[in-house]
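Asker: no sequence on this one, just coordinates:
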């Protein structure tokens, strides 16, 4: 079957990908396994380092004490890619290198292995941009420190990177500083079906995708496999785009993040028109500004899993300041979401579903269907409704989620299959209730 996409030069953007045929909404455009990937350090104890499944009671590697696996099968299958990393982790213990350093090292090991090759990629590692000339002094200093850590980390297995990588690594990747810059600028966050981060990976061909704050494609993952799906009909020769960042921010904040992280100024239709800013910042600034100011403190509590303090902080703000701010206000929405999170972790189910239901109309405005973020939020609320035995409400919410996720995730995604199972459970329970 001929490929649905091809490489081209996108005016004003550089390299890009465009469609070669008409692509229908919900269609799988491309799928790829990573050239290299690793589980995020913060989830190292909770996610299998081979299949990237979240599990309890994972088996721990007896040598490096860091890698964890679902079972012996996953551990054996992972050994080929883990054995060199394992020695490096042992040599550095108890220190653990950052995600970007571990990913760069795994890339080196993959390229030094004859079984791994990037020859079929549309975009070679040599062509990947490092953006070093666009970086601030502080960022260059940070990269320099990461490069030093990379050299120290791989020393056990690759004492002389320039010499040993001469044949396997592209010229610009034999120097740790350039390599770590390419990795940090071009890696993708690997997420689970609920769009929660679980790792990072390099998918060279898909690094060609350019950004748009209102993209025509989305990425979802099945384990480490990246699937690119169309969220609207795409014509032949139309450019394929994704969003590099979470778009639920005002234009100024989105542009600042893209400039800092990816070194370009976004000129997409959404940014140039600032079409959602008025809604996101609805109300008088003097009214909603205390909500914005409180966010860093609340996010700190969430990062520390201090759920009780988080709930108290969110609840206080929403009942004092928040009651005078519309539900569409971005900062009120974020705090409402955090309140729901806290309630779920504390087992306050009635409160959680109340907060969750309040977000749904707002999500539908900010994430027009089909959008995976809206779909996942519907599933989350549906599960709470189901747990509280509000079966008809749950079934209706699950149906809305399914209409979205069959397009964004596809019928064969585990999340979609689980959703269909939940819908069938609801129908069965309704029949049983009505037959009493």
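Answerer: Perfect, thanks for sending it. Keep in mind it's a predicted model, so treat the numbers as computed, not measured. Numbers count the residues shown, from 1 in each chain.
Asker: And residue 1, what's its pLDDT?
Answerer: The model reports residue 1 with a pLDDT of 55.
Asker: ok, residue 193 - contacts?
Answerer: Contact criterion C-beta atoms under 8 Å, 6 or more residues apart in numbering gives 220, 221, 376, 409, 413, 414, 415, 418 as the residues in contact with residue 193. Just so you know, the C-beta spots here come from the backbone N, C-alpha and C atoms, and that holds for glycine as well.
Asker: Which members of those residues are the farthest-apart pair?
Answerer: In these, two members sit farther apart than any others by C-beta to C-beta. They are 221 and 418, at 15.0 Å.
Asker: So for the two, which sits in the more crowded spot?
Answerer: A direct count of neighbours by other C-beta atoms under 10 Å for residue 221 and residue 418 places residue 221 higher, at 23 against 13.
Asker: Tell me which helix or strand the more buried one sits in.
Answerer: With elements delineated by DSSP states H and E, residue 221 resides in strand 217-222, which encompasses its position.
Asker: Could I get the buried residue list for that strand?
Answerer: If you call a residue buried by 16 or more other C-beta atoms under 10 Å, then strand 217-222 has these buried ones: 217, 218, 219, 220, 221, 222.
Asker: okay but the fourth one is in contact with residue 408, surely?
Answerer: Yes. Residue 220 is within contact range of residue 408, at 6.5 Å (criterion: C-beta atoms under 8 Å).
Asker: what residues are shared contacts of these two?
Answerer: Taking C-beta under 8 Å, 6+ apart as the contact definition, residue 220 and residue 408 share the neighbouring residues 229, 372.
Asker: correct me, but residue 226 touches residue 203?
Answerer: Yes. In this structure residue 226 lies within contact range of residue 203 using C-beta under 8 Å: 5.3 Å.
Asker: Overlap of the contact sets of the two?
Answerer: Counting by C-beta under 8 Å, 6+ apart, the shared contacts of residue 226 and residue 203 are 32, 34, 188.
Asker: So which helix or strand of this protein has the lowest pLDDT on average?
Answerer: Across the helices and strands of the chain, mean confidence by mean pLDDT, DSSP states H and E is lowest for helix 161-164: a mean of 73.
Asker: quick one: contacts of that one?
Answerer: Here helix 161-164 makes contact (C-beta under 8 Å, 6+ apart) with 108, 112, 151, 154, 158, 169, 174, 175, 176.
Asker: ok, and what's touching the next helix or strand after that helix?
Answerer: Later in the chain than helix 161-164, the nearest helix or strand by DSSP H and E is helix 176-186. With contacts defined as C-beta under 8 Å, 6+ apart, helix 176-186 is touched by 100-101, 103-104, 107-108, 125, 128-132, 135, 143-144, 146-148, 150-151, 161, 169, 172-173, 202, 204, 207, 262-263.
Asker: let's go with 7 Å and repeat that
Answerer: 100, 103-104, 107, 125, 128-132, 143-144, 146-147, 150-151, 161, 172-173, 202, 207, 262 (C-beta atoms under 7 Å, 6 or more residues apart in numbering).
Asker: ok, now stretch 274-283?
Answerer: So stretch 274-283 is in contact with 250, 251, 270, 325, 326, 328, 329, 330, 365, 366, going by C-beta under 7 Å, 6+ apart.
Asker: excluding its backbone neighbours, what's nearest the fifth one?
Answerer: When you say that, I think you mean residue 326. Ranked by C-beta to C-beta, 6 or more residues apart in numbering and with sequence neighbours excluded, the top spatial neighbour of residue 326 is residue 282, at 4.8 Å.
Asker: ok, the one you found - how many residues close by?
Answerer: Using other C-beta under 10 Å, residue 282 has 16 neighbouring residues.
Asker: would you say it is within a helix?
Answerer: No. Looking at residue 282 with DSSP: H, G, I helix; E, B strand; the rest coil, it is coil, so not inside a helix.
Asker: can you tell me how far it sits from residue 112?
Answerer: When distances are taken as C-beta to C-beta, to the nearest Å, residue 282 and residue 112 turn out to be 54 Å apart.
Asker: do the same with residue 65
Answerer: Taking C-beta to C-beta as the measure, residue 65 and residue 112 are separated by 24 Å.
Asker: Which one of those two is surrounded by more residues?
Answerer: The residue with more neighbours, out of residue 65 and residue 112, is residue 112; 17 against 13, by other C-beta under 10 Å.
Asker: Double-check that residue 153 belongs to a helix.
Answerer: Yes. Secondary structure assignment (three-state DSSP) places residue 153 inside a helix.
Asker: Now do it, the pLDDT please.
Answerer: 95.
Asker: Equivalent analysis for the one 5 residues further on, please.
Answerer: Note on residue 158: pLDDT of 88.
Asker: List phi and psi for it.
Answerer: Torsion angles at residue 158 (phi, psi; degrees, to the nearest 10) stand at phi -130, psi 80.
Asker: And for it, the neighbour number?
Answerer: 21.
Asker: That one touches residue 107, doesn't it?
Answerer: No. In terms of C-beta atoms under 7 Å, residue 158 does not count as a neighbour of residue 107; the distance is 11.7 Å.
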